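**Q** Would you be able to build a 3D model of this:
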Amino acid sequence: MKQTNEPVDTVERPLTVRPALSRAAVQFVEKYPNELTGIVADALEAAAIEESRVAFKEVAMPEGLRRLIVPRHADSTEGRVSNISEAAELLEVTRATVYAWIKSKRLLAWRATRRGVLIPTEQIIRPGELISGIAQVLAVIGEPEAAWDFLNEESAFLDPKKSARPIDALREGKVDEVVAAAHSFLEAFS
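**A** Predicted coordinates for the structure are as follows:
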C-alpha cells in the first residue's frame, strides 16, 4: 500500500438539501444573480419575524416584504389567513378534503398571486367544523375575496346592536339575516 502525505479529511460535512426551484425561479436567478443575496436575506428576516411572532412595529421590515406578511395572533384567528396545508392541519382533514370543501363552496378561499390559496381562518370553528352559511353568501356574492370583505367588515345592512360583522352573525347562526344583508350589499354597490 502506497502512503501519501496528503491530509485526510475527517470532518463530517452536513448533508445539503436544496428544494427544487420552479422554472420561473431558475429564470429569475439567471436574470438577477446580483440581487439574490438581498432577496434571500429579506425572505429569511421575514420568516424569522413570522416564526417568532414579534410585533411588526418593533422590527425594521423591508417595505417590499411588509405587504406579504400576514400577522398571526396566537390568541385569535381574526384577520388571519391560512394556506391549504395550514387549513388542513387546523381542520384535521386532508388537503384533498380542503380542496373539495372549497370547490363545494363550504369553505371560502381565493387564489392570491405568489401566496397561493388563501383561506380566512375565522370561518374555522374547530377541527372538522366550519361556520354555516358560507355557501349561501357565495351564492349571492360570487367572488370569494369580495365575499370575505363583506363578511369581515362591519355592515350597515345588519342590526348593529346584534352583530357588527356578518361573519359574527354567521357564527351566531343568523344565516338568513346575513344572506339578506349580502343581497343589500350587492345592490348598494352594483
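**Q** C-alpha only now, for contacts and for neighbours.
**A** Fine.
**Q** Count the residues that sit near the residue nearest to Arg165 when sequence neighbours are not counted.
**A** Nearest residue to Arg165 in three dimensions, chain neighbours excluded: Glu154, at 4.4 Å (Cα to Cα, 6 or more residues apart in numbering). Counted with other Cα atoms under 10 Å, residues neighbouring Glu154 total 16.
**Q** Also Glu89?
**A** The number of residues near Glu89, taken as other Cα under 10 Å, comes to 15.
**Q** And for Ser104?
**A** Ser104: 11 surrounding residues under other Cα under 10 Å.
**Q** Please apply the same query to Gln136.
**A** Gln136, neighbours per other Cα under 10 Å, totals 17.
**Q** And the one 5 residues further on, by the same measure?
**A** The number of residues packed around Ile141, counting by other Cα under 10 Å, is 19.
**Q** just checking, it touches Ala180?
**A** No. When contacts are counted by Cα atoms under 8 Å, Ile141 is not listed as touching Ala180 (11.4 Å).
**Q** which regions of the chain lie under the pLDDT threshold?
**A** 1-22, 25-26, 28, 35-79, 160-163, 190 (pLDDT under 70).
**Q** Which stretches in it count as helices?
**A** Ranges of helices within the chain are 23-31, 36-52, 63-66, 84-91, 95-103, 134-140, 144-152, 166-171, 175-188, based on DSSP state H.
**Q** and these, which is most packed in?
**A** Comparing the helices of the chain by mean neighbour count (mean count of other Cα atoms under 10 Å), helix 166-171 ranks first with a mean of 22.
**Q** Tell me the helices and strands packed up against it.
**A** Using 3 or more Cα pairs under 8 Å, 6 or more residues apart in numbering; DSSP states H and E, the elements in contact with helix 166-171 are helix 144-152, helix 175-188.
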